[in-house]
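[1] Here is my input; please provide its structure:
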Amino acid sequence: MKASYTAVLAVVLLLLAEAEVSTAVTCSPAQLSPCVSAITSSTPPSKLCCSKIKEQKPCLCQYLRNPNLKKFVNTPNARKVATTCGTPFPKC
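    The predicted model follows:
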């Protein structure tokens, strides 16, 4: 019984640690650089691009409010890339 309790506790601690890592996102538009070719042309997004979009999703509204970034982030291709990556575009 004690071994199963320890295993459950270990799993819970791992999940909490993973949740903590995922909430500590540093917003950096440069992180989206692997997506430039997919956003500016019709090439499909790479796996790296998709992982960066998912990582930066909490920052997208911040990017949309920035006039210098909005013209790149708020394009039909950028929305298509996000959708292709399984990251719905936020409603800010």
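[2] Can you tell me the element the most centrally placed residue in the chain falls in?
    Per C-alpha atoms, centre = their mean, the C-alpha nearest to the average position across the chain is that of Lys54, at 1.8 Å. Assigned by DSSP states H and E, Lys54 belongs to helix 47-56.
[3] Distance check, the residue nearest to the centre of the chain against Thr75.
    According to C-beta to C-beta, to the nearest Å, Lys54 stands 19 Å off from Thr75. Where you see a C-beta, it was placed from the backbone N, CA and C, and this is true even at glycine.
[4] Mind exporting the C-alpha coordinates of stretch 57-75 to PDB?
    C-alpha atoms of stretch 57-75 as PDB (Å, rounded to 0.1, in the frame of the first residue of the first chain):
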ATOM      1  CA  LYS A  57       0.100  31.100 -27.300                       C
ATOM      2  CA  PRO A  58      -0.300  32.900 -24.000                       C
ATOM      3  CA  CYS A  59       1.600  35.800 -25.600                       C
ATOM      4  CA  LEU A  60      -0.300  36.200 -28.900                       C
ATOM      5  CA  CYS A  61      -2.700  38.800 -27.500                       C
ATOM      6  CA  GLN A  62       0.300  40.900 -26.400                       C
ATOM      7  CA  TYR A  63       1.800  40.600 -29.800                       C
ATOM      8  CA  LEU A  64      -1.500  41.600 -31.500                       C
ATOM      9  CA  ARG A  65      -1.600  44.800 -29.400                       C
ATOM     10  CA  ASN A  66       1.900  45.700 -30.500                       C
ATOM     11  CA  PRO A  67       1.600  47.800 -33.800                       C
ATOM     12  CA  ASN A  68       5.000  46.600 -35.000                       C
ATOM     13  CA  LEU A  69       4.100  42.900 -34.500                       C
ATOM     14  CA  LYS A  70       0.400  43.000 -35.400                       C
ATOM     15  CA  LYS A  71       1.100  43.400 -39.100                       C
ATOM     16  CA  PHE A  72       2.900  40.000 -39.100                       C
ATOM     17  CA  VAL A  73       0.900  38.100 -36.500                       C
ATOM     18  CA  ASN A  74      -2.600  39.200 -37.600                       C
ATOM     19  CA  THR A  75      -2.500  37.800 -41.200                       C
END
